[in-house]
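Enquirer: Here you go, sequence then predicted model.
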Amino acid sequence: MAAISRNEVANLARLARISMSDAELDHLAGEMDVILGAVARVQEVAGADVPPTSHPLAVSNVTRDDVVTPSLTPEQALSGAPASSEQRFKVPKILGEE
Amino acid sequence: MAAALNNKEISAVELTNQHYEQINAVDKDVHAFLYLDKEGALLQAKEVDKKRAAGERLSPLAGVPLALKDVMTQKDVPTTCGSKILENWRPPYDSTVVTKLKDAGVIILGKTNMDEFAMGSSTENSAFGPTHNPWDLTRIPGGSGGGSSASLAAFEAPLAIGTDTGGSIRQPAAVTGTVGVKPTYGGVSRYGLVAFSSSLDQAGPCARTVLDAALLHQVIAGFDPKDSTSINQAVPDVVAATKKLDIKGMKIGVVKQLAGEGYQKGVENKFNEAIAELVKLGAEIIELSCPNFEYALAAYYLIAPSECSSNLARFDSIRFGLRVGDDKVKSAEEVMNLTRQAGFGREVKRRIILGTYALSSGYYDAYYGSAQKVRTLIKQDFDNAFAKCDVLVSPTAPTTAFKIGEKSNDPLAMYLNDIATIPVNMAGIGGMSLPCGLAEEDNLPVGFQIMSPAMKDDRMYLVGGALEAALLSKWGKPILDFAPKLVGSK
């Protein structure tokens, strides 16, 4: 049995905000099945007593002092935006027509 | 080069121009560069020459040209990460690495090609076409930093910057006969390095000799408050270590698991010959077992995609980069979906989907959670090994450079290239690749990997420098002198 169905891949693509054609979905579902079959080996080795490692360094909550430092101007910050107006990012419509 | 500059035998402007001439002559065949910043580079070079003429004290690498992997931001210079989604993006700030390079007077020639968002082992995943290996233009230059390694092997630049998440500095170095170093995680700032997998990514030096890499390492390394995972400790003196050339009595561990099945015969032969050189130099060789390395590849291909699915969410068509389908009718979400469909390549989509799956509820414990546990076991394997020896060694990559197109339709075969380099990233320690000869089957370069404990990067430079000197006297000339000459090359 396949580890993952085409429908599941379609749902993941939706969650990841990537449109996919039927051909792309067909192809990816097959590949994902093979890859998942290979990486599932991680389940064979580590018992419940092994703690997880998320990061190579044991650091947490590194913060800087709360002081103002030089930063980008609004023009610089917006310089790479596909669309902007009045010193703001301009986005496509976010509410449906009522 | 640095000495010639210092003795005023050549100016930085002349040296920079010579490298652009070489790029003009060969890069149509090699395609190492995505962007050349000739104007900016010559301006920088003029500045260095002026300072030298005025008798100012300059850094050892002042005036030496460098190729920068296109995943590092450089102010007002395009930074694409090899992706359509960032085509034409010009960042408004310098990465810390670039700031340090500029401060040291290093001349940045341009940006080098790479697998899209550093995901790949062949540079075939670049949205702007593959880079070709200068040893054989029909073969891959490694990846993801194939542009950086190829620029060195083609004499288009004497120094380069790479980034290494699972081997993207070391494997390209191995297959192009150059030197590449992944420093200890946290040793070089990630500020301005476009994130792929934040707990694994590390920038480092690429060069044609171990000493050049050490000099560059010294320039770019060090604590940076702008990177919360930067290590606040003194940088080990890697330059002094490289010059020492004395490894008598050092304990060098050979990892049993990083050999055998899947490794090309010629790769194993050259590796064993290098081991024999280390013995001659007075090192003690110890065979060691790291049983959990067997699971490193599987764990990596869960952890890296998981982190990437989160990191790449920032490419949302709102704040920078591409926007597709904004016709004033479609919603923000539809535009986002279409932009990411058009902007990301196949491998990037594959990894985002895989990571989204591994992190989704119901699968999290089985996949991402288990992979994190494997990471703990790999760290323990390294700890046990380093209790018995000073450094560990292995071949860098299981094979020499393969043909362009040979593995591009088989993701799993492609992932196997990273089998020997991945454990280093998982544990956050240091790793170096240097050339150890040409495989007898195909006359292509083989990489020798040296791994050292966290923040003991000087140890791999010590062993690397000594081995390089021994091999050089055996060969009679640098390995790149054995490469076929490129058409038009100066």
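Expert: Ah, there it is.
Enquirer: Now name the helix or strand holding the closest residue in space to A:Ala3 that isn't next to it in sequence.
Expert: The shortest distance from A:Ala3 to any non-neighbouring residue, by Cβ to Cβ, 6 or more residues apart in numbering or on different chains, is to A:Leu36 (4.3 Å). Where C-beta positions appear, they are placed from N, C-alpha and C, glycine not excepted. Secondary structure assignment for A:Leu36, by DSSP states H and E: helix A:22-39.
Enquirer: ok, now how distant is the residue nearest to A:Ala3 from B:Ile353?
Expert: Between A:Leu36 and B:Ile353 the computed distance is 11 Å (Cβ to Cβ, to the nearest Å).
Enquirer: cool, and B:Arg346?
Expert: From B:Arg346 over to B:Ile353 the distance is 11 Å, taken as Cβ to Cβ.
Enquirer: Name the residue in the two with the higher neighbour count.
Expert: Each of B:Arg346 and B:Ile353 has its neighbours counted (other Cβ atoms under 10 Å in any protein chain shown); B:Ile353 has more, 26 against 16.
Enquirer: isn't the more buried one right up against A:Ala13?
Expert: Yes - A contact is recorded between B:Ile353 and A:Ala13 when judged using Cβ atoms under 8 Å, the distance being 6.3 Å.
Enquirer: Against which helices or strands is the helix holding A:Leu36 packed?
Expert: For helix A:22-39, the helices and strands in contact under the criterion 3 or more Cβ pairs under 8 Å, 6 or more residues apart in numbering or on different chains; DSSP states H and E are helix A:6-15, helix B:296-311, helix B:346-359, helix B:411-415.
Enquirer: Stretch B:345-362 and chain A, are they touching?
Expert: Yes - using Cβ under 8 Å from any Cβ of the partner chain, stretch B:345-362 comes into contact with chain A via B:349-350, B:352-354, B:356-357, B:360.
Enquirer: The residue of the stretch 1-150 of chain B found nearest chain A - nearest residue in space that isn't next to it in sequence?
Expert: Checking the stretch 1-150 of chain B residue by residue against chain A with Cβ to the nearest Cβ singles out B:Pro92 as nearest, at 3.9 Å. When the adjacent residues along the chain are set aside, B:Pro92 lies closest to A:Gln76, with 3.9 Å between them (Cβ to Cβ, 6+ apart).
Enquirer: Next up, identify which helix or strand the one you found is on.
Expert: Using DSSP H and E, the element containing A:Gln76 is helix A:74-78.
Enquirer: the strands in the stretch 51-200 of chain B, which residues?
Expert: Using DSSP state E, counting those that start in this stretch, the strands of the stretch 51-200 of chain B run over residues B:65-69, B:107-112, B:159-163, B:179-182.
Enquirer: now the second one: how far from the chain's centre is it?
Expert: How far strand B:107-112 lies from its chain's middle: 15 Å, per Cα atoms, centre = their mean, to the nearest Å.
Enquirer: if I pick whichever residue of chain B sits closest to chain A, what's in contact with it?
Expert: Scanning chain B for proximity to chain A using Cβ to the nearest Cβ identifies B:Gly428 as nearest, at 2.4 Å. Contacts of B:Gly428 were listed using Cβ atoms under 8 Å, 6 or more residues apart in numbering or on different chains, and they are A:55-57, B:184-186, B:199, B:454.
Enquirer: show me what contacts the residue lying closest to A:Val59 once chain neighbours are set aside?
Expert: Excluding its sequence neighbours, the residue lying closest to A:Val59 (Cβ to Cβ, 6+ apart) is B:Thr229, at 6.5 Å. Residues counted as contacts of B:Thr229 (Cβ under 8 Å, 6+ apart) are A:55, A:57, A:59, A:62, B:185-186, B:190, B:198.
Enquirer: thought the residue of the stretch 1-150 of chain B closest to chain A was touching A:Pro74?
Expert: No - here B:Pro92 lies out of contact with A:Pro74, judged by Cβ under 8 Å, at a distance of 10.9 Å.
Enquirer: Who has more neighbours out of those two?
Expert: Applying other Cβ under 10 Å to B:Pro92 and A:Pro74 shows that B:Pro92 carries more neighbours, namely 16 against 11.
Enquirer: residues in contact with that one?
Expert: A:72, A:76-77, A:79-80, B:75-76.
Enquirer: That concludes my questions; thank you for your assistance.
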